[in-house]
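**Student:** sequence first, predicted model second:
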Amino acid sequence: MIHASLNAYLLVSVLLFILGFFGVLLRKNTLVIFMCLELMLLASTLALVAFSKYNGTLDGNVFVFFILTIAAAEVAVGLAIIVALFRQRHTVQVEELNFLKN
């Protein structure tokens, strides 16, 4: 069995975070932006688990448990907001959801 090093885990975590970050900046669809935000959150949890394994403690795993619990609530609220916006505006494109501007 091949064991990956801490650097390998952190490299994957950084790549996932960068992918999510640029997805948030460049995409126009609110659902895709929401998924990219979740990707960034999961990248940070991967880094926490990697550090926890490297240090031989369970602290990172406990943080991940709380992060995933909060992420589940975030998904429920975020999708409810997106569905409400879609019902009102009949679109999920960011450019067309500008009703809060003056």
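**Tutor:** That came through fine.
**Student:** so who does the residue lying closest to residue 94 once chain neighbours are set aside touch?
**Tutor:** Of all residues not flanking residue 94 in the chain, residue 28 sits nearest, at 5.2 Å (Cβ to Cβ, 6 or more residues apart in numbering). Any C-beta I mention is one placed from the backbone N, CA and C, and that applies to glycine too. Neighbouring residues of residue 28 by Cβ atoms under 8 Å, 6 or more residues apart in numbering: 93-95.
**Student:** and residue 41, what element?
**Tutor:** Assigned by DSSP states H and E, residue 41 falls within helix 30-55.
**Student:** quick one: mean pLDDT for that helix?
**Tutor:** What helix 30-55 shows for mean pLDDT is 92.
**Student:** show me which residues of it are buried.
**Tutor:** Neighbour-count burial for helix 30-55 flags 30, 33-37, 39-53 (criterion: 16 or more other Cβ atoms under 10 Å).
**Student:** now do stretch 73-92
**Tutor:** Within stretch 73-92, the residues scored as buried using 16+ other Cβ under 10 Å are 78, 82, 85, 92.
**Student:** ok, back up a step: which one (most neighbours) among the contacts of residue 28?
**Tutor:** The member of those that has the most neighbours, counting by other Cβ atoms under 10 Å, is residue 94 with 13 neighbours.
**Student:** for that one, give its distance to residue 9.
**Tutor:** The gap separating residue 94 from residue 9 is 33 Å, by Cβ to Cβ, to the nearest Å.
**Student:** could you do residue 65 as well?
**Tutor:** Separation of residue 65 from residue 9 (Cβ to Cβ) stands at 18 Å.
**Student:** which one's more surrounded, these two?
**Tutor:** A side-by-side neighbour count of residue 65 and residue 9, using other Cβ under 10 Å, places residue 9 first with 17 against 12.
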